[in-house]
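Asks: Sequence and predicted structure below; questions after.
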Amino acid sequence: MPWFSPERHKDRRPFLLARNRIVASFRQWFDERGFLEVDCAALQVSPGNETHLHAFATDLIQPDGSHERRFLHTSPEFACKKLLAAGETRIFNLGHVYRNRERTLTHSPEFTMLEWYRANEPYAAIIEDCLALVRLAAVISETKQFNWRRRKADPFAEAEWLSVAWAFEKYAGVDLLATLNGSESDRDALAKQCPVQFTDRDSWSDIFSRILVEKVEPNLGNGAVTVLYEYPAVEAALARVCTHDPRVSERFELYACGVELANGFGELTDPIEQRRRFEAEMNLKEQLYGERYPVDEELLKALSLMPPASGVALGLDRLIMLATGATRIDQVLWTPVS
């Protein structure tokens, strides 16, 4: 039955009306705290430079008929950071992003991302923002408990804070920090401790991801929201390394009912280090998938102008799904991708 059939739309409509109320309340929340809403262009020179993110590509045809490759962004992050470099200090973007090869109960190839940044503020402030918005979504939807696939989480309970290292020790029996030396990792040391199946071709990052998905994530966000923080420096992406321990970074993720809701950083502003990370990610992407995406040179220029900042991307549709009691992401999308 297509989503536009009257019967199916009637079933989905309560979720969609709740979605509108949550979105309106979020905009008010940001406005009350001095955030400026921005509207980032979806068409970008680079869609993002993470190995396992896959973009939609198109051609920009100039008036002279020449073609230039462009991509639909997988996140407004690069554009937002350019705005921080330009002088904005508190911004949020609520808009559609696009990711190929992603379609599950909690994934859609086109979905809504809520992304926001605080200049000159620590990433602990961004984490508290996330927790406040989770509570607000629950208030607006008039729910006291999130339920999804037999898992429960109280959005009003005190959040569980787990470092990645402690989560690996607790749920997988792995001493993760023993396999790290600054930004270097010891693949064999992690393989010796690995409690899940892996292949000889798997890198340290591959094994890390397998343990995270199979042993750690199912235990997160059960009973209360979980803040999983201090990702290894080798998994820092666009986050800066922690000053107290160079083996870990200022990167966190937020979970409820085993579902990842948000991914945030204390932002890296070193263009040389960011270029190194991008190139390493794209080298691996080319090895695994036979393709690579260009580096956004304007972003690297902007990083040198950008103030210290923290930012986060929150999957709005997923949060609405949990807050409204929906069981699939397409129930909370006004017009799901066919």
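Replies: Alright, I've got the coordinates.
Asks: and the one helix or strand in the chain whose mean pLDDT sits lowest, what does it pack onto?
Replies: When each helix and strand of the chain is scored by mean pLDDT, DSSP states H and E, strand 184-185 comes last, with a mean of 91. Helices and strands in packing contact with strand 184-185 are not found; criterion 3 or more C-beta pairs under 8 Å, 6 or more residues apart in numbering; DSSP states H and E. C-beta: built from backbone N, CA, C; applies to glycine.
Asks: Quickly run through the sheet partners of it, with directions.
Replies: strand 180-181 (antiparallel) (DSSP bridges).
Asks: I'd guess Arg210 is in a helix, am I close?
Replies: Yes. Arg210: assigned to a helix according to DSSP: H, G, I helix; E, B strand; the rest coil.
Asks: Run through the residues that contact it.
Replies: Neighbour list for Arg210: 194, 196-198, 202 [criterion: C-beta atoms under 8 Å, 6 or more residues apart in numbering].
Asks: and it, how far is that from Gly221?
Replies: Per C-beta to C-beta, to the nearest Å, Arg210 is found 20 Å from Gly221.
Asks: Likewise for Glu253?
Replies: Taking C-beta to C-beta, one finds Glu253 at 10 Å from Gly221.
Asks: who touches the helix or strand just after the least confident helix or strand of the chain?
Replies: Next in sequence after strand 184-185, counting helices and strands by DSSP states H and E, comes helix 187-193. With contact meaning C-beta under 8 Å, 6+ apart, helix 187-193 is reached by 173-176, 178-179, 198, 202-204, 207-208.
Asks: From these, list the buried ones, please.
Replies: Among these, those classed as buried by 16 or more other C-beta atoms under 10 Å are 174, 176, 179, 202-204, 207-208.
Asks: From these, pick the one nearest Arg8.
Replies: Taking C-beta to C-beta as the measure, Arg8 lies nearest Phe208 of the buried ones among the contacts of helix 187-193, at 40.3 Å.
Asks: can you tell me the distance between the two ends of stretch 99-119?
Replies: One end of stretch 99-119 to the other measures 27 Å (C-alpha to C-alpha, to the nearest Å).
Asks: Next: stretch 191-201.
Replies: Separation of the first and last residues of stretch 191-201 by C-alpha to C-alpha is 11 Å.
Asks: What's the mean pLDDT across it?
Replies: For stretch 191-201, mean pLDDT rounds to 91.
Asks: Show me where the stretch 201-338 of the chain has its helices.
Replies: 204-211, 271-289, 297-303, 316-324 (DSSP state H, counting those that start in this stretch).
Asks: low pLDDT regions in the stretch 151-300 of the chain?
Replies: Applying pLDDT under 70 to the stretch 151-300 of the chain picks out no residues at all.
Asks: go again using 90 as the cut-off
Replies: Across the stretch 151-300 of the chain, the ranges flagged by pLDDT under 90 are 182-184, 198, 200-203.
Asks: any chance of the contacts of Arg210 in a markdown table, plus distance to Ala309?
Replies: A markdown table is the format used below for these (distance: C-beta to C-beta, whole Å):
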| residue | distance to Ala309 |
| --- | --- |
| Cys194 | 36 |
| Val196 | 36 |
| Gln197 | 40 |
| Phe198 | 36 |
| Asp202 | 34 |
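Asks: Return the closest of those residues with respect to Val97.
Replies: Among those, and counting by C-beta to C-beta, the member closest to Val97 is Asp202, at 28.6 Å.
Asks: Helices of the stretch 1-150 of the chain, start to end?
Replies: Applying DSSP H, counting those that start in this stretch to the stretch 1-150 of the chain gives helices spanning 6-32, 77-86, 123-141.
Asks: Tabulate those (TSV), appending mean pLDDT, distance to Leu305 and mean neighbour count.
Replies: Listed next are these as TSV, based on pLDDT from 0 to 100; distance: least, C-beta to C-beta, whole Å; neighbours: other C-beta atoms under 10 Å:
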stretch	mean pLDDT	distance to Leu305	mean neighbour count
helix 6-32	97	24	15
helix 77-86	98	4	21
helix 123-141	98	20	19
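Asks: For Glu260, which of those helices is the nearest?
Replies: Comparison of the helices of the stretch 1-150 of the chain against Glu260 by C-beta to C-beta identifies helix 123-141 as nearest, at 11.7 Å.
Asks: any idea how far Thr51 is from Asp270?
Replies: From Asp270 across to Thr51, the span is 20 Å (C-beta to C-beta).
Asks: re earlier: need the contacts of helix 187-193 in JSON lines (columns: distance to Arg19).
Replies: Shown next, in JSON lines, are the contacts of helix 187-193 (distance: C-beta to C-beta, whole Å):
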{"residue": "Gly173", "distance to Arg19": "41"}
{"residue": "Val174", "distance to Arg19": "39"}
{"residue": "Asp175", "distance to Arg19": "43"}
{"residue": "Leu176", "distance to Arg19": "38"}
{"residue": "Ala178", "distance to Arg19": "45"}
{"residue": "Thr179", "distance to Arg19": "42"}
{"residue": "Phe198", "distance to Arg19": "39"}
{"residue": "Asp202", "distance to Arg19": "39"}
{"residue": "Ser203", "distance to Arg19": "39"}
{"residue": "Trp204", "distance to Arg19": "40"}
{"residue": "Ile207", "distance to Arg19": "38"}
{"residue": "Phe208", "distance to Arg19": "34"}
